[in-house]
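**Student:** Next one to model:
(chains A and B)
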Amino acid sequence: MVFSSVFFLFTYLPIVLLLYYITPLKLRNLVLLAVNLVFYAWGEPVYILIMFLSIAIDYTHGLLVEKFKGRGEDRKARWVVASSVFFNLALLFFFKYWDFIAGSLAGMGLTFMPRLGLSLPIGISFYTFQTMSYTIDVYRGDARAQRSIVNFGTFVTLFPQLIAGPIIKYKDLGDQIDRRTHTAERFASGVQVFVVGLAKKVLLANNLGMLWDTYKALPAGSLTTAGAWLGVVAFSLQLYFDFSGYSDMAVGLGRMLGFEFGPNFNYPYISRSLTEFWRRWHISLGSWFREYLYIPLGGNRVGRGRLFLNLMVVWAATGIWHGASWNFLLWGLYYGLLLAAEKFFLGRWLERRPVWFQHVYALFFILLGWAIFALEDFAQMGPYLAALFGFAGGGLWDSGFLYYFRAYLPMLLVAVLASTPAGKGVWTRLEETSKKLVLPVLLLLGLLISTCYLVDATYNPFLYFRF
Amino acid sequence: MLKNYSKFVTTLFCGFLGVVVAANALTPDKSFSEMENRNLAQKPVVSLNGLLTGKFMSEYESYVTDQFAGRDGWTAAKAAIELASGKQENNGVYFCGGSTLITRFDAPDAEKVEKNLTYINKFAGLSSVPVYFGLIPGAATVWADRLPEGAPNYDQKLVIDRAAQSTAAQFIDLYTPLMEHKGEEIFYRTDHHWTSLGAYYGYTGVAGALGLTPVPLTDYVKTTVSTDFYGTVFSSSGVRWVRPDSMDTYVPEDGVTVTSYTYDAQGNPVEVARQLYDESFLAKKDKYAMFLGGQQALGVVRTGHTDKPKLLLIRDSYSDSLVPFLTPHFSEIHLIDLRYYKQSAAQYIQDNGIDTALVLYSVPNFVSDTNLVWLGR
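**Tutor:** Next comes the predicted model:
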């Protein structure tokens, strides 16, 4: 189930809110666990067994870690943590990377791994990371082990962030799982964030996605340089509004249920370096890798050679986390190299350049990165990258480019503006009374227009009648 | 935010959800959508198997979206917002000047085109009578100058040329007669079909190839049967701000009988009488089905000119409005729709004493058709 659907908005969500708020405080986690499981099972019912297994294993591992630590048996506690990490990574590896590795080996003539063709359980990249962090946090003493399996299950399956994050560490959420307050203020602010996220996803991301799909589908021979840039700009905005819209909806839904999740995006496209970009893009993932991989590897307190190696390991992992395909690994390593360069010398040089140059620098490499990210097939990526640099089969531009540019210009302008803090600036400067008048209008418009697009997406005239 | 104002915002949001939920609960479920021309999903029955496989869930989602209250209105509003935001197309339909909507045509799958051409060659080899083959260009090509400036548009002439060059059948040029009259109302502005006038020009092309002398248009009296036809392109576009089309007929129905051969619920063959023009469809949304009563697997049009030859027409729906013009030249016109008729067409020719076979498709249907394979049997 996805948030941006008629079914979620007008069937699932009303039922959840109703059930949740008529239930006495003490039993709300039980209700939440039940609706979470429905949410998870909705698309792929069988995989709920994996979810149960995951909950049971991490729950017992957490308790064991705490028990051994309490007895001062650190060695045993470490083994339990290792076992939890192994189990979670094995799960992720099996479902996400098995076929990728099997396929790659088969490409080299090694066929000892059969391809399984299993569909990816939704959210597995997110919840395995959350449960892994749980046992580690308990071991590090950053969190107490959860004694109630209902509460633990609620943490693992919490539907607002189950399938697309943000990745929330147990130490940040554990207390809220046990006890949280439900106020009208929090609910109302959740409504605002949710509607903003919905509009980002449905009105901006889906629309710009259609522009990207057009350019992605063009054969290399008819791709133009202007068109290739338009395509990659559209993809960059689509991805940002899709993902940050989803995160906003998660934060909003969380608040409606009394939770407070940290922000996941902070206007990444206004960055002046790639280091800054990664502090603003998918914050919860960056902080997860920093805390549970980069720092354990030694962080910054190592020699230059080792630091470079650490960076490459972390960014290779970050890249491949995004999907089981070589281009994601390449994309990760691309950032590894660029970030290492910024750390070692480029960053200091860049600081002395004019601000506009820093923006151009950052955006150029971000866009180039997205082209690598978006094109899984290297046979397609090569000509596309060449087209970006002026070697396009279709020349610099054509009438098709002008048509799409004109048709999407208003949408692109809105999207570019919306990816800067300008709107927020205007909003905070508004007087309190004007805010009170404008807010309900914006909320209703956002909901109504989004509903138009959601309903239209399911509008499906019978093909035969075109016969 | 103040407590009271927060309560107001909360109420607003929950109220919005509540109103939509209530509207959906109160509007009765519909079984058929005229606008989408399809049966709508109904509430699925809960079963253990359905729950375990997820079939119930996906059916339930379809049910909720199909039965969404005011579905057509929401879609229309979306089209209007797209226009306002600068778009010149919606759901694959271009907004053109003069209240015209034209379905976008993109580069077809070349492999499929070749395959379909091979099936027709196979049929030409199997058939005991001469086989003629024609492709009708659609509005996107004939009216290309009406499309928005620079709108991507694949030239259907390329498909037609490819077919003319590679076919083993005798090729009929329908492109030239239609292009010669592209300034006239030869396509509906809101439907993908040609008008009766367009069909007439197509008929002159067919007649020329078959060595028949076409009846001059001036011999016929134009009868306008409807002035409020909103066609399929209107439906799929979501656009609601265009004028309706008029529908005309030219050829009188006198002496023509139509029989549709089909099967009843028990699988026994039955004959159903139809008409050249079934005016009962004019009261419905799908008015084009007035021509020959819409879809049928196999139909036979008998004209009373018993001295004339018999024609087999392998067709798509464009032919339904062409058939009236063919009636003066044939004693019988047999119509086969390959989506429903799955027996050998070559055998049919032998069994029914057919004299000429004609395969006629519009380019957009031809390049996407998956049933031509049946011609090769």
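**Student:** and residue 341, how many neighbours?
**Tutor:** No chain in the question, so chain A it is. 15 (other CB atoms under 10 Å in any protein chain shown). Bear in mind the C-beta positions are built from the backbone N, C-alpha and C, glycine included.
**Student:** wait, chain B
**Tutor:** 18.
**Student:** quick one, domains of the chain?
**Tutor:** Since you didn't name a chain, this refers to chain A. Domains of chain A are assigned by automatic domain parsing as A:6-180, A:186-420.
**Student:** right idea, wrong chain: chain B
**Tutor:** B:1-69, B:100-376.
**Student:** Contacts for the host helix or strand of A:Arg78, please.
**Tutor:** Per DSSP states H and E, A:Arg78 falls inside helix A:74-92. Here helix A:74-92 makes contact (CB atoms under 8 Å, 6 or more residues apart in numbering or on different chains) with A:50, A:54, A:57-58, A:61-62, A:64-65, A:68-69, A:124-125, A:128-129, A:131-132, A:135-136, A:139.
**Student:** Would you mark the buried spots in that helix?
**Tutor:** Neighbour counts using 16 or more other CB atoms under 10 Å in any protein chain shown place A:Ala77, A:Val80, A:Val81, A:Ser84, A:Val85, A:Phe87, A:Asn88, A:Leu91, A:Leu92 of helix A:74-92 among the buried residues.
**Student:** what separates stretch A:8-28 from the chain centre, distance-wise?
**Tutor:** Its chain's average C-alpha position is 25 Å from that of stretch A:8-28, according to CA atoms, centre = their mean, to the nearest Å.
**Student:** what's the first-to-last distance across it?
**Tutor:** 20 Å (CA to CA, to the nearest Å).
**Student:** Tell me if that stretch is near chain B.
**Tutor:** Yes: shown here: stretch A:8-28 in contact with chain B (CB under 8 Å from any CB of the partner chain) through A:Leu9, A:Phe10, A:Thr11, A:Leu13, A:Pro14, A:Leu17.
**Student:** For those, which ChimeraX command selects only the ones that are buried?
**Tutor:** Only the buried entries of those go into this ChimeraX selection, using 16+ other CB under 10 Å:
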select /A:9,10,11,13,14,17
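**Student:** Out of the residues of stretch A:8-28 next to chain B, name the ones that lie in helices.
**Tutor:** Members of these lying in helices (criterion: DSSP state H): A:Leu13, A:Pro14, A:Leu17.
**Student:** for the residues you listed, which one is nearest chain B?
**Tutor:** A:Pro14 (4.9 Å; CB to the nearest CB).
**Student:** Contact partners for that closest one?
**Tutor:** A:Pro14 touches B:Leu17, B:Gly18, B:Val21, counting by CB under 8 Å, 6+ apart.
**Student:** where do the strands sit along the stretch 201-350 of chain B?
**Tutor:** B:223-229, B:245-249, B:257-263, B:269-274, B:298-302, B:310-315, B:332-336 (DSSP state E, counting those that start in this stretch).
**Student:** Does chain A have contacts with stretch B:235-242?
**Tutor:** Yes: applying CB under 8 Å from any CB, one finds stretch B:235-242 touching chain A at B:Ser235, B:Ser236, B:Gly238.
**Student:** Where does B:Leu358 fall, secondary structure wise?
**Tutor:** B:Leu358 belongs to strand B:356-362, assigned by DSSP H and E.
**Student:** buried residues in the very next helix or strand once past that strand?
**Tutor:** Downstream of strand B:356-362, the first helix or strand assigned by DSSP H and E is helix B:363-368. By 16+ other CB under 10 Å, the buried positions in helix B:363-368 come out as B:Val363, B:Pro364, B:Asn365, B:Phe366, B:Val367.
**Student:** How about stretch A:269-285?
**Tutor:** Neighbour-count burial for stretch A:269-285 [16+ other CB under 10 Å]: A:269-278, A:280-285.
**Student:** Can you give the distance of that stretch from its chain's centre?
**Tutor:** 13 Å.
**Student:** With stretch A:120-140 instead?
**Tutor:** 15 Å.
**Student:** how about it against chain B, any contact?
**Tutor:** No: if you take CB under 8 Å from any CB as the test, stretch A:120-140 misses chain B, and the best it gets is 11.9 Å.
**Student:** try stretch A:426-444
**Tutor:** Yes: using CB under 8 Å from any CB, stretch A:426-444 comes into contact with chain B via A:Lys436, A:Leu439, A:Pro440, A:Leu443, A:Leu444.
**Student:** repeat for stretch A:222-238
**Tutor:** No: contact of stretch A:222-238 with chain B (CB under 8 Å from any CB) is absent, the minimum separation being 9.2 Å.
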